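**Student:** Sequence first, then the predicted structure, then my questions.
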Amino acid sequence: LWMPFSSTATCPQLTAGLLTAAGIVPFVALSKPFQTFLDTNKLISNSGVRELLGRPSLNYRELQVTYGSVILSFVGAPHWGLALSQPSAGLAANA
């Protein structure tokens, strides 16, 4: 049985690197310099995404900001998870 991701399961650094590289693709594809090669606004118009979402003014900038905010929330989640898992010294002193 051939499993293409079996080698990445034993190497977390490789998995993290691949996921990081895959996460950068939307930032690059939606960047201003890349818009000279790929007209995202035309792709959005022709695909019907604007009508589906009910957003006639949807453009690549809004998509990039939305994607960035989603990624930022994923980056912040481990921080808050670690912060909430530790007992707070300030709360223990007041108890």
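**Tutor:** It's in.

**Student:** Who are the packing partners of the longest helix along the chain?
**Tutor:** As assigned by DSSP state H, the longest helix anywhere in the chain is helix 60-85. Helix 60-85 sits against helix 12-29, helix 40-47, with contacts defined as 3 or more Cβ pairs under 8 Å, 6 or more residues apart in numbering; DSSP states H and E. C-beta coordinates here come from the backbone N, C-alpha and C atoms, glycine included.

**Student:** Which other helices and strands does the shortest one contact?
**Tutor:** Contact partners of helix 40-47 among helices and strands, from 3+ Cβ pairs under 8 Å, 6+ apart: helix 60-85.

**Student:** same thing but at 10 Å, please
**Tutor:** helix 49-53, helix 60-85 (3 or more Cβ pairs under 10 Å, 6 or more residues apart in numbering; DSSP states H and E).

**Student:** Name the helix or strand of the chain that has the lowest mean pLDDT.
**Tutor:** Within the chain, no helix or strand scores below helix 89-94, which has a mean of 52 by mean pLDDT, DSSP states H and E.

**Student:** Number of residues surrounding Arg61?
**Tutor:** For Arg61, the number of neighbouring residues by other Cβ atoms under 10 Å comes to 13.

**Student:** do you know how far it is from Arg50?
**Tutor:** Remark: distance between Arg61 and Arg50 (Cβ to Cβ, to the nearest Å) = 14 Å.

**Student:** Need the overlap of contacts for those two.
**Tutor:** When contacts are counted by Cβ atoms under 10 Å, 6 or more residues apart in numbering, Arg61 and Arg50 are jointly contacted by Asn41.
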